[in-house]
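In: Here is my input; please provide its structure:
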Amino acid sequence: MSHFFPSAEYAEDQPLARIILATHVLSRGFQLGTAVGLLSSSAEALNKSQSIISPILLRSAGAGGAIGAGITGIGLIAHMWGRGEIEWKDRSWRLRYNSDQLAIDNWGEPAAALGVLTVVLRRPSGVAMGGWRRLVGGAGIGSLVGVVGCMFARRMFLSQNRQT
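Out: Below is the predicted model of the structure:
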């Protein structure tokens with residue numbers, strides 16, 4: 001998200017404030033929903049000794065991601081209903097200048113694309129793609145892996161910087 005939207009020096013000049021805030025909220029809801037979807041189906045997948053890329057996990061992650069994005073989208077509308085334009089601009093401007101948030105975006109978005117690519121390339125020959133839930137699930141799982149990788153990398157770099 002951080003590279004696709006323009007930024008301003010001051011919050012009151014932030015262009016595309018509603019789009020920036022909505023994109024942020026929907027992507028975090030998507031990630032949260034994916035995590036919930038994975039947790040709800042992981043016990044079943046582990047009992048059947050299925051692989052990590054199994055269709056059950058992908059479909060559950062995809063459905064969870066879509067539901068999570070929908071719920072947080074409704075929450076955004078409810079929370080920001082009637083708020084002034086400056087509140088939208090201020091919140092989106094703070095997101096644009098939050099280094100931790102930018103790092104999460106910079107790791108999560110490419111990882112989501114890699115997750116979709118992995119699902120497409122790992123499909124057995126002659127098997128149907130499995131619908132939108134598998135692709136969305138691949139994006140969600142990839143995004144979660146990216147976020148965890150970001151947290152791990154930042155933690156490692158911060159601990160190395162403290163020792164020197």
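In: what's around the closest residue to Gly73 other than its chain neighbours, how many residues?
Out: Closest residue in space to Gly73, ignoring its immediate chain neighbours: Leu26 at 5.6 Å, by C-beta to C-beta, 6 or more residues apart in numbering. All C-beta atoms are positioned from the backbone trio N, CA, C, and that covers glycine. If you count neighbours by other C-beta atoms under 10 Å, Leu26 ends up with 16.
In: element containing Leu26, please.
Out: helix 17-47 (DSSP states H and E).
In: tell me which residues of that helix are tucked away?
Out: 17, 20-38, 41, 45 (16 or more other C-beta atoms under 10 Å).
In: Repeat that for stretch 107-126.
Out: So, applying 16+ other C-beta under 10 Å, buried residues of stretch 107-126: Trp107, Gly108, Glu109, Ala111, Ala112, Leu114, Gly115, Val116, Val119.
In: how about CSV for these, with secondary structure added?
Out: Below are these laid out as CSV (DSSP: H, G, I helix; E, B strand; the rest coil):
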residue, secondary structure
Trp107, helix
Gly108, helix
Glu109, helix
Ala111, helix
Ala112, helix
Leu114, helix
Gly115, helix
Val116, helix
Val119, helix
